[in-house]
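Trainee: Show me the folded form of this:
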Amino acid sequence: MAVDVRAFIELMRPKNMILASITIPLGALFGLNASLSPEQTTAVAIQIFAVVTFMGAGNAMNDIQDALIDAQAHPNRPIPSQRVTAEAAQTFVIGLWTLSLSAMAYGAYELAQNGATWWPLVVIYLTAATMMLTYDLGPKTKTKGLLGNVSISLMVAAVILYGAATVDSLSWLVFSVAGVVFFTNLAREMVKDCQDMLADEGLRTTLPMKIGLENTRMVAYVLIIAGLVCLYIPYWRGPFVFGQLVLQTPAILLLISLNGPLYKGEDVQVSARIRASMLLGLLGFILTICL
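Mentor: Next up, the predicted model:
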């Protein structure tokens, strides 16, 4: 039984959900000067649950659809390794979607009851859900290469916007941070396609197949630089102080040092380091707004 529970948790990809758990309150705090009332804290906690179950459902759906690819590229994943059946995974996905949608609806209702703007929360959620469903089920944008990469990166970036919408605090600062998340995640998706190019042959038409591995890695590095620009803007134009940029030093150093590993084709290492830099960048923003 314990082994089954671990396998279902693995289907949800907890590492990705850690980022979501950090990003939701971060988005909420930006428009509120790092101050949440007890009611807002509760609202944020409920929407963290909504996003975690949303992402878990999407990741599990992806594993169901990619079972054949993962049998070659990632044979230790729960479904290829037969620790979870496809039927059980489908039931799990339905349960997660139900929980997520219910939590979002409750959050929108509470916003409306308090006289706040509720519709951005619903719009962001439904837009992300549409991209999620079209990514895996139809027209299966994940098979379209770059289009799929953009779609999944928009979904990841939407989490920061969703966090702000949770407490009715959307601002240009929030969109700037969402830009950091979008560009770095898009670069990571491209690098992952380089890593999986042989396994994807005949199943997906990815950017590395169209323009080659080296060119794709070059594009990925340009996107990383674009992410750094978005990271820099809030410290240059406000509301942060330029000197506070030092709090982003770990993330910046990790990102700018990726040129060498990309040139060498160390895709697994690059993908892991981009994920780590995203986490460090979000932590840097948290420190900035709290100090």
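
Trainee: Only C-alpha atoms from now on, for both contacts and neighbour counts.
Mentor: Fine.

Trainee: Buried ones in stretch 6-20, by neighbour count?
Mentor: Residues of stretch 6-20 classed as buried: 7-8, 10-13, 16-17, 19-20 (neighbour count, 16 or more other CA atoms under 10 Å).

Trainee: Turn the residues you listed into JSON lines, columns for secondary structure.
Mentor: Listed next are the buried residues of stretch 6-20 as JSON lines, based on DSSP: H, G, I helix; E, B strand; the rest coil:
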{"residue": "7", "secondary structure": "helix"}
{"residue": "8", "secondary structure": "helix"}
{"residue": "10", "secondary structure": "helix"}
{"residue": "11", "secondary structure": "helix"}
{"residue": "12", "secondary structure": "helix"}
{"residue": "13", "secondary structure": "coil"}
{"residue": "16", "secondary structure": "helix"}
{"residue": "17", "secondary structure": "helix"}
{"residue": "19", "secondary structure": "helix"}
{"residue": "20", "secondary structure": "helix"}
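
Trainee: What lies in contact with the strand or helix carrying residue 208?
Mentor: Using DSSP states H and E, residue 208 sits within helix 207-211. Contact with helix 207-211 is made by 145-146, 190, 193-194, 197, 215-216, as judged by CA atoms under 8 Å, 6 or more residues apart in numbering.

Trainee: List buried residues within those.
Mentor: Buried among those (16+ other CA under 10 Å): 145-146, 190, 193-194, 197, 216.

Trainee: Which residue in those has the weakest pLDDT?
Mentor: Ranked by pLDDT, the buried ones among the contacts of helix 207-211 bottom out at residue 145 (84).

Trainee: For residue 143, see how far away the closest residue to it other than its chain neighbours is.
Mentor: Closest residue to residue 145 apart from its sequence neighbours, by CA to CA, 6 or more residues apart in numbering: residue 206 at 3.8 Å. Distance of residue 206 to residue 143, computed by CA to CA, to the nearest Å: 7 Å.

Trainee: Could you do residue 71 as well?
Mentor: 17 Å.

Trainee: okay, the two: which has more neighbours?
Mentor: Taking neighbours as other CA atoms under 10 Å, residue 71 and residue 143 compare with residue 143 leading, 19 against 15.

Trainee: so what's that one up against?
Mentor: Residues near residue 143 by CA under 8 Å, 6+ apart: 203-206.
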